Each structure stands twice: as structure tokens, then as C-alpha cells.
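Chemist: My questions are about this predicted structure, shown below with the sequence.
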Amino acid sequence: MMGVPPTLTPIASRRSTSSYPNETYTNMATRQTVKMLSPLRFTIYLLFFFAPGTFSSTLRLHRDQRLLLLQDRGFSTVNANEECIHGIGADAKRRAARNAREDRVSGMYQHRIRRSAVQPPVPKVYGQANLNDSHNQMVVHWAGEKSNVIVALARDSVGAAGPKTSSVYVSYDYGTSFTPISERFQLSGEKEKEGNKQVISQFYHSPADNKRYLFADSTNSYLWNSFDFCKTIQGFSIPFKPTDLLLHSKRANLVLGYDSSHPNKQLWKSDDFGETWVLIQEHVKAYFWGVEPYDSPTTVLVQRHEPQGVSSILSSTDFFQSEQNRRVVLERVDNFQLRDKYMFATTSTVSEVDLQGELYMTGILLLLQC
């Protein structure tokens with residue numbers, strides 16, 4: 001069966017009072033979004049419908065470096081048996097965690113792109129430092145902003161056999177020399193009494209303050225933070241496994257924490273850079289900070305699984321603490337992604353012609369905020 005031609009439905013703003021003649025998905029999305037979006041927003045819906053088998057419901061965005069999260073910039077990974085992996089945020093574990101959020105949270109459309117004939121440039125090497133480390137993978141981050149600080153996390157790769165361990169090093173001279181600082185990352189309280197050893201799986205750099213770092217141990221539900229390029233480190237036991245963190249791009253103290261290992265897929269919030277946490281949502285598939293100036297600085301958007309088996313896109317300006325500051329952006333969504341001023345969503349709807357569910361139509365929804 002051939003696909004139905006693309007349908008373009010422009011929407012002026014939430015103040016529009018025009019109605020539509022039928023109760024199709026287009027009408028549902030229009031009413032929900034027009035009602036809930038800020039008056040400053042203008043929304044354009046691009047709905048593409050396809051017959052069964054002509055399109056995958058998985059939505060994946062091309063990882064253009066211009067669209068990468070700010071907190072992922074400056075990262076590279078070196079494997080013991082491979083050359084340097086080029087690209088910010090390209091290390092296997094960080095990318096796996098980020099992909100997990102974008103796939104579980106967003107899912108996103110599968111977008112095949114031909115391999116570029118132009119290979120990424122070989123990085124300039126200004127010196128060499130021997131760390132004498134036995135781990136088979138190293139994540140390296142340069143703090144940027146004219147800083148001479150480089151932080152390196154040595155760890156075991158995902159497929160490595162045996163117990164996992166980690167080591168942390170820091171350089172204050174552009175990598176000419178590195179100082180081991182693993183002893184600063186100690187467990188405390190019950191974790192220490194139980195004889196557990198820290199296993200730092202990944203670390204994060206604040207895009208709002210380049211002196212700040214967060215180090216995550218998802219095995220022991222533990223975090224360490226630093227406000228001074230790792231010169232001093234503070235550790236905290238937290239109430240969830242930090243499988244992924246999302247740092248605010250402008251407010252350095254704000255952090256979202258996600259626990260993908262929990263049966264309820266929990267989303268947590270910290271307003272003191274990881275020291276204390278509050279549970280704000282469960283059954284979360286995807287989550288994003290809002291984008292200024294289209295959203296307030298404290299806006300959080302969440303794709304949440306509903307009991308009916310579908311997902312809803314919710315937004316809140318107070319971390320879901322009150323109903324009056326909570327909005328339903330979209331309903332009956334399969335996958336969702338927020339990139340700058342663009343919102344992407346996929347949806348599968350049953351054709352009105354076949355009420356037995358034998359014929360399904362798949363749509364891609366693009367919301368343009370401007």
C-alpha cells in the first residue's frame with residue numbers, strides 16, 4: 001500500500017480559537033499543543049503518514065556536533081586496543097548512556113547517513129604522559145575556556161571480564177603531567193563499612209561553570225562533586241543509581257538524575273549540584289531541560305509512560321510540584337526529542353477505516369518553536 005501524502009498543518013499560537021472538522025490525531029495534537037504552549041511560541045506541525053511496513057517507529061536524530069549537549073563537549077575516549085575515538089562525547093559508555101536516554105526517552109527516527117569521505121582531522125599532540133595504568137579505556141576531558149586543566153578517567157570497558165575498577169587523573173599543565181587523585185574518591189557511611197570499592201563509571205562537566213565536575217558511581221549509588229577543577233572532592237550517598245545525569249546549561253546547581261535500572265524508571269532533581277535529591281517523576285522514557293527563551297529556566301520536559309501503554313509529553317516549571325505549573329504538551333506519543341528550538345515526536349494511530357487494529361498509520365510530528 002502506498003503512503004498517504006504528507007500533511008502540513010500550521011498553527012498560529014495558543015490564542016488561536018479556530019476548530020477543525022474531524023477528530024483525527026491532527027486535531028488532538030493541535031488542541032493539546034495550542035492550549036499548553038507559551039504565548040511566545042508559534043508551532044508548525046509536519047505530519048507524515050505511512051502505510052504499515054513503510055516506516056519504522058524508531059526516531060533517531062543525526063548526532064551533529066552542533067546539536068550535542070553542552071555537557072558532552074570536550075570529551076574524547078582512548079581505548080587500549082584502538083586509536084583515539086574522535087568527537088565529543090564519543091566514548092562507548094557515555095554514548096551508550098546518552099543513546100539510552102535518547103532512545104528510551106526519545107527513541108527517534110532511524111536516519112541513515114553516508115559515511116563522509118572527509119575523515120576527522122588527527123588531533124595535535126603537544127606532549128606525552130605515561131600514567132602506568134592497567135585499565136583498557138580512558139575518558140579524557142579538557143575543561144576549555146582557556147583552561148589548562150585536563151581530567152582523565154581510566155576504567156574497564158563495558159565488556160571487560162572480572163570486577164570493575166577505576167582511576168582518576170588530573171593535569172594542570174595541558175597534559176604534560178598527570179596527578180593520580182583516586183584517593184580523593186572514597187565511599188563513606190554504610191558503603192565504607194560494607195567494604196565496597198568505588199567504581200566511577202562516568203563523569204560530567206558543567207556547561208554553566210567550567211570548574212565544576214560530577215563523578216558517578218552507579219554501582220554504589222554514589223556521587224562526588226568538585227567546584228575547583230578537582231582540587232577538592234566531596235562525596236555523597238544518593239537514593240538512586242545514577243545511570244545518567246543531565247546538567248543545566250546555565251544554572252550550575254541544577255541537575256537531573258535518571259535511574260534506568262529501577263523498575264519505575266525514576267527521574268530525580270538536585271538543586272545543590274548533586275548533594276541532595278528529590279524524586280520528581282516515574283515511568284520516564286525521556287527527559288530534557290527546556291530551552292530558553294522558549295521556556296523558563298526551570299522548565300523540564302518529560303516523556304512518561306501511561307497505564308494505557310502510550311506516552312505523554314509533560315512540561316513543568318516547578319519540577320512537577322504543583323498541578324498549576326504542569327502542562328500536557330502532547331499525548332499518544334511513541335518517541336520524543338527536543339533539540340534547540342525543535343521538538344520531534346513520532347506517533348502510531350489506528351486507521352479509522354479499520355477498527356480491528358489491522359491497519360496502522362505512523363506519523364512524524366515536528367514542532368517548530370519560534
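Modeler: On my side now, so go ahead. Numbers count the residues shown, from 1 in each chain.
Chemist: Distance check, Ser237 against Asp259.
Modeler: Ser237 sits 14 Å away from Asp259, going by C-beta to C-beta, to the nearest Å. Any C-beta I mention is one placed from the backbone N, CA and C, and that applies to glycine too.
Chemist: Who has more neighbours out of the two?
Modeler: A side-by-side neighbour count of Ser237 and Asp259, using other C-beta atoms under 10 Å, places Asp259 first with 23 against 15.
Chemist: wait, isn't the more buried one in contact with Phe240?
Modeler: Yes: Asp259 lies in contact with Phe240 (C-beta atoms under 8 Å); the separation is 4.2 Å.
Chemist: Show me where the stretch 51-200 of the chain dips below the pLDDT cut-off.
Modeler: Scanning the stretch 51-200 of the chain for pLDDT under 70 picks out 51-68, 81-127, 161.
Chemist: which stretches of it form strands?
Modeler: 75-79, 137-142, 150-155, 166-171, 179-180 (DSSP state E, counting those that start in this stretch).
Chemist: May I have the strands that pair with the shortest one, each with its orientation?
Modeler: Spelled out, that is strand 179-180. With DSSP bridges as the test, strand 179-180 is paired with strand 166-171 (antiparallel).
Chemist: contacts for the partner strand?
Modeler: Here strand 166-171 makes contact (C-beta atoms under 8 Å, 6 or more residues apart in numbering) with 129, 131, 133, 135, 148-156, 177-182, 184-185, 198-201, 203, 215, 229-230.
Chemist: buried set for stretch 288-299?
Modeler: 288-291, 294-295, 298-299 (16 or more other C-beta atoms under 10 Å).
Chemist: CA atoms only: put it into PDB for me.
Modeler: Provided in PDB are the C-alpha atoms of stretch 288-299 (Å, rounded to 0.1, in the frame of the first residue of the first chain):
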ATOM      1  CA  PHE A 288      15.100  17.300  28.800                       C
ATOM      2  CA  TRP A 289      15.700  20.700  30.200                       C
ATOM      3  CA  GLY A 290      13.700  23.400  28.500                       C
ATOM      4  CA  VAL A 291      15.300  25.800  26.000                       C
ATOM      5  CA  GLU A 292      15.400  29.500  26.700                       C
ATOM      6  CA  PRO A 293      13.900  31.800  25.600                       C
ATOM      7  CA  TYR A 294      11.100  29.500  24.700                       C
ATOM      8  CA  ASP A 295      10.900  28.000  28.200                       C
ATOM      9  CA  SER A 296      11.600  29.300  31.700                       C
ATOM     10  CA  PRO A 297      15.000  28.400  33.200                       C
ATOM     11  CA  THR A 298      13.400  25.700  35.400                       C
ATOM     12  CA  THR A 299      11.300  24.000  32.700                       C
END
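Chemist: returning to what we had before: quickly list what's touching both of Asp259 and Phe240.
Modeler: 266, 268.
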